[in-house]
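Novice: Below are the sequence and a predicted model; questions follow.
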Amino acid sequence: MVERSLRIELAQGLAARPAAEFVKLASSYASSVRLGKNGQFIDAKSILGVMSMALSHGDEVTLQVDGSDEQEAVAKLSAFLGESVQ
């Protein structure tokens, strides 16, 4: 499993359109993809789950990816969301 902490850099955060694009990208991987904030994690392949997080520009999230294509998935999904937090 790969885990990365990120800061949302999308100007609109994960509003409807960017959330749908993120879910579509996450769903293109065989790996399990989870997104978390404040210790609460959701399935990142679920549009309702992603929308329910109400993520805004500047929010810090944790991306967890586990599976056969986890390295590629975490790289592409991280690039979509924003910058890594040290």
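Specialist: Perfect, I can see it now. Residues are numbered from 1 along each chain as shown.
Novice: Please count neighbours and contacts with C-alpha atoms only from this point.
Specialist: OK.
Novice: other SSEs contacting the lowest-mean-pLDDT helix or strand in the chain?
Specialist: Least confident helix or strand of the chain, by mean pLDDT, DSSP states H and E, is strand 82-84 with a mean of 81. Counting contacts by 3 or more CA pairs under 8 Å, 6 or more residues apart in numbering; DSSP states H and E, strand 82-84 is packed against strand 2-8.
Novice: Enumerate every residue touching Ala73.
Specialist: Neighbour list for Ala73: 26, 29, 31, 65 [criterion: CA atoms under 8 Å, 6 or more residues apart in numbering].
Novice: Closest one to Val2 out of the residues you listed, please.
Specialist: Val65 (5.3 Å; CA to CA).
Novice: what about that closest one, neighbour count?
Specialist: Val65 has 26 neighbouring residues, counting by other CA atoms under 10 Å.
Novice: Could you do Ala11 as well?
Specialist: By other CA under 10 Å, the residues close to Ala11 number 11.
Novice: Next: Gly39.
Specialist: Using other CA under 10 Å: Gly39 sits among 8 other residues.
Novice: again with Tyr29
Specialist: Per other CA under 10 Å, the neighbour tally for Tyr29 reads 18.
Novice: now swap in Gln40 and tell me
Specialist: Gln40 has 11 neighbours, counted by other CA under 10 Å.
Novice: Show me the shaky parts of this protein.
Specialist: 86 (pLDDT under 70).
Novice: show me where it has helices.
Specialist: Under the criterion DSSP state H, helices of the chain are mapped to 16-27, 47-52, 70-81.
Novice: ok, and for the last one, which residues are buried?
Specialist: The one in question is helix 70-81. 70, 73-74, 77-78, 80-81 (16 or more other CA atoms under 10 Å).
Novice: what's the answer for the second one, then?
Specialist: Of the residues in helix 47-52, those with enough neighbours to count as buried (16+ other CA under 10 Å) are 47, 49-51.
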